[in-house]
Each structure stands twice: as C-alpha cells, then as structure tokens.
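**Student:** Predicted model follows, preceded by the sequence.
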Amino acid sequence: MAELITIERHILEQQRKFPGASGELTQLLSDVTFAAKLVRREVIRAGLVDILGSAGAQNVQGEEVKKLDQFANEKFIQAIGHHGRFAVMASEENEDIIIPPTEKSGKYVLLFDPLDGSSNIDANVSVGTIFSIYKRKSALGTTATVQDCLQKGVDQVAAGYVIYGSSVMMVYTTGQGVHGFTLDPTIGEFLLSHPNITIPKRGKIYSINEGYYRYFFDGIKKYIKYLQQEDKETNRPYSARYIGSLVADFHRNLLYGGIFIYPRTKKAPEGKLRLLYEANPLAFVCEQAGGRATDGYKRILDIVPEKLHQRTPLFIGSEEDVKIAEEFEQGLREVEHDRELIPSMLAEVSRAESTLLR
Ligand code: P6P
C-alpha cells in the first residue's frame, strides 16, 4: 500500500529544505485545508440542504451571490481569522479588506476566491476555492492595510486551489513544484496523490467561451481558426473544452496540457477574471508546473496591482500554446490558408478567369 503522506507532512518536509523556516507556512496551509474541508462538507450536501438557490445578495462584482458562496466565504473567514497567522485577508466576495481579530500578530496575507464557478453550483458542476498567500509588508504590531494585499504575484509565498469535483483535490505550490492531494473522506485527510505535477509543453485542448466570438478582437478570432485547422504535426484541430468553472478548466489543462483563455473583448476590454484571487494564484501554480501565464502581452506575476478587484485578461496553460496565442493576440501571426482549401480556391480562380475571358 502506497505510503500515506498527508498535506501537513508534505509541507513540513518541504519546509525542512529551508533551514530557519519557521514552520508557519505549514500552519497557514493547514488553516486553508481546514476551511476547505468545511466548505466541502456543505458543497457535497448542497443538493440536500436548503443552501442552493441564490441568497439574493449581490457581491462586489455585481453577481448574484448563491448561499454556498456566502457560506464558503464565511467559513474561510471564521476558520482562519482566529488563528493569528494572517494580518489581513481579502475575498473576491468582499468589497474591502478583512482585518481578523488577531491581526497585530499576523505575518501573512491571504487572498481568496471562496467558491469560484459558483454559477454552476445548482447544476452540480465542479467548483473550486482559489487561495494566494503573501508575507505582509506593513510592520508587525501595526494594523495591516490594503497595500499589504496589492503585491505582485511574483511575491506570493504559496498559492493553490481546491477543486470540489468527483473527488476533492487540493493543488498547491510554495515555489518548490506543484503537488496534488486527494481528500480521503474516511479519514478526513488530504493525501498526496499527484506529486510534482508538470504541464505538457503543448496540449490539444483549448478553453475559451466562443459564445463571445463577435466581441473578440481579430487576433483571438484568428487563433481560434488556427486551432480548428487540420494539421497532424501539431495535433490540430484541438478539442474545445469549456466548463465555465475556472478551477475545473485550469485543473484539466494542467494535467492534460492545453490552454485556457479569457481574453480582453470589446465588451470587457480588461477581461473578466480577477488578478488577485484568480489569475495570480493560478499563474504561480502554472509556472511552477512548467507552464506560462500572461495577459496576452505581459507575465501575470509581474503585473503591479492597483485595486483589490482589478480584472485582467488571462492566457494560461502549456508554454508553447500560450506563446502561439500571444503571437496571434499581438497581431504578429496570420492564419495560413488551409492546405485542403488551396485546390478549391485555385479552381474558383480559374473559373472566374474563364468567365472574364469569354
Ligand atoms: P463566462 C465563474 O463565474 C468565472 O469567474 C470563472 O470560474 C469562469 O472561468 C468564468 O467566470 C466564466 O465566465 O463569461 O465564460 O461565463
């Protein structure tokens, strides 16, 4: 029987590689896993307990808040706020920063999206929690501020996500690779199931909401046409897979290879996804797994945040796929004509010529 390595043990072993590491990271991540177990308990019961359906409230994004959204948000804040390790938290569901009761002693910052993809909850589609951890910048003993939350993604000390699907998995990185853990509900522990996850350099899956095709700029339209052409050498046409739940789409592409794009559009020139709660943590995981994450022009982790709920376009996944998508987005690449189209185009030209020469 494979050795049972819990996430706590795995983090401790990771920390042992850093002499002088205070072991706090272990505590931070076990706080997150505890909160995730509470959320999971409700997510799997959602169909049974009256927490489905919208809570009627609107979150800061102007989106309808489902009860499970609120529940997950409250659980994270309660489960973590009293442990004294975080100076400040910020949630995708809350307009402003959250100062926990023990903020003066906290050394870290937690940014999270408590239940991403929540519009899928009622349809029992996989949803997820995304988290991102930084060291505070403000001095210990002072009250943390929003500036502690507006740090570049490259300064994250840990990040990851929990996916509530057919099984519940937690995937995290502390900058030492990406590791996946599957929850064993019989013992309530996350056990190492996917050590050292790496994303293939090129995949054959693309995830984008083609319903917005008319709002896409030309570069992305050309990129989609490129992916739909037939070319055995580059495994085209790619398969289109779009769940509408970022964590689920990202997790599948991380394991199988491929690209997820939520581009700037004529209706959303900044894109839709949030830099702090979605793009940065997943970009950290993706790069640690050997992938690439940009806004089509610039590395996500290098973007300097200006607002808590700042949005960004997101191109994330296999390195080669993201680079090609960037070339189209930046207008540096054109779609070659379909080889099989050339004979019919030539036939069309000769028919036109003969008509003209009559
Ligand atoms: P659209 C869910 O609301 C979410 O934030 C992500 O989980 C998902 O990838 C995206 O929005 C889906 O957005 O506009 O395609 O429905």
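**Tutor:** Arrived safely, thanks for sending.

**Student:** So for stretch 6-16, mean pLDDT?
**Tutor:** Average pLDDT, stretch 6-16: 84.

**Student:** Would you indicate which residues of that stretch are buried?
**Tutor:** Neighbour counts over stretch 6-16 (16 or more other CB atoms under 10 Å) mark 6, 7, 10, 11, 14, 15 as buried. (Each C-beta comes from the backbone N, C-alpha and C, glycine too.)

**Student:** what's the answer for stretch 132-141, then?
**Tutor:** Those would be 132, 133, 134, 136, for stretch 132-141 by 16+ other CB under 10 Å.

**Student:** Over to the last one: give its phi and psi.
**Tutor:** Here the main-chain torsion angles of residue 136 (degrees, to the nearest 10) amount to phi -70, psi 150.

**Student:** pretty sure it contacts residue 110?
**Tutor:** No - assessed by CB atoms under 8 Å, residue 136 is found out of contact with residue 110, at 10.5 Å.

**Student:** Can you name the residues that contact the residue of the stretch 51-200 of the chain found nearest the ligand?
**Tutor:** For the stretch 51-200 of the chain, the residue closest to the ligand is residue 117, as judged by CB to the nearest ligand atom, at 4.0 Å. Shown in contact with residue 117 (CB atoms under 8 Å, 6 or more residues apart in numbering): 125, 126, 127, 128, 243, 244, 245, 246, 247, 248.

**Student:** So which bits of this structure are right by the ligand?
**Tutor:** 116, 117, 119, 209, 244, 245, 246, 272 (CB under 6 Å from any ligand atom).

**Student:** Among those residues, give me the pair with the biggest separation.
**Tutor:** 116 and 209 (15.1 Å; CB to CB).

**Student:** the more surrounded of those two?
**Tutor:** Counting neighbours by other CB atoms under 10 Å for residue 116 and for residue 209 shows that residue 116 has the greater number, 28 against 15.

**Student:** That one bridge partners, please.
**Tutor:** Counting by DSSP bridges, residue 116 forms beta bridges with residue 128.

**Student:** What ranges does the stretch 51-200 of the chain have for its strands?
**Tutor:** Here the stretch 51-200 of the chain has its strands, by DSSP state E, counting those that start in this stretch, at 54-58, 64-66, 86-91, 108-116, 127-135, 158-164, 168-173, 178-184, 189-194.

**Student:** Now do residue 51, the pLDDT please.
**Tutor:** 51.

**Student:** And for residue 3?
**Tutor:** 76.

**Student:** did I read that right, it in a strand?
**Tutor:** No - secondary structure of residue 3 (DSSP: H, G, I helix; E, B strand; the rest coil): coil, not part of a strand.

**Student:** Might you list the low-confidence residue ranges for the protein?
**Tutor:** Applying pLDDT under 70 to the chain flags the ranges 1-2, 18-22, 46-59, 62-66, 103-104, 338-342.

**Student:** just so I have it, where are all the helices in it?
**Tutor:** Counting by DSSP state H, the chain has helices at residues 7-16, 24-45, 67-81, 218-228, 246-256, 280-288, 319-329, 341-357.

**Student:** Point out the most buried one among these.
**Tutor:** Ranked by mean neighbour count, the helices of the chain are led by helix 280-288 with a mean of 27 (mean count of other CB atoms under 10 Å).

**Student:** if I pick the residue positioned nearest the centre of the chain, what's in contact with it?
**Tutor:** Residue closest to the mean C-alpha point of the chain, counted by CA atoms, centre = their mean, is residue 282 at 4.0 Å. Contacts for residue 282 were tallied using CB under 8 Å, 6+ apart; they are 130, 159, 161, 246, 250, 293, 314, 316.

**Student:** Output stretch 296-310 as PDB - backbone C-alpha positions only.
**Tutor:** C-alpha atoms of stretch 296-310 as PDB (Å, rounded to 0.1, in the frame of the first residue of the first chain):
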ATOM      1  CA  GLY A 296      -1.600  38.200 -23.900                       C
ATOM      2  CA  TYR A 297       1.300  40.700 -23.600                       C
ATOM      3  CA  LYS A 298       2.800  40.600 -20.100                       C
ATOM      4  CA  ARG A 299       3.600  37.900 -17.400                       C
ATOM      5  CA  ILE A 300       0.700  37.800 -15.000                       C
ATOM      6  CA  LEU A 301       3.000  37.600 -12.000                       C
ATOM      7  CA  ASP A 302       4.700  40.900 -12.900                       C
ATOM      8  CA  ILE A 303       1.600  43.000 -13.100                       C
ATOM      9  CA  VAL A 304       1.500  45.600 -10.300                       C
ATOM     10  CA  PRO A 305      -2.000  45.500  -8.800                       C
ATOM     11  CA  GLU A 306      -3.700  48.900  -8.200                       C
ATOM     12  CA  LYS A 307      -7.100  47.800  -7.000                       C
ATOM     13  CA  LEU A 308      -8.400  44.800  -4.900                       C
ATOM     14  CA  HIS A 309     -10.900  43.700  -7.600                       C
ATOM     15  CA  GLN A 310      -8.700  44.500 -10.600                       C
END
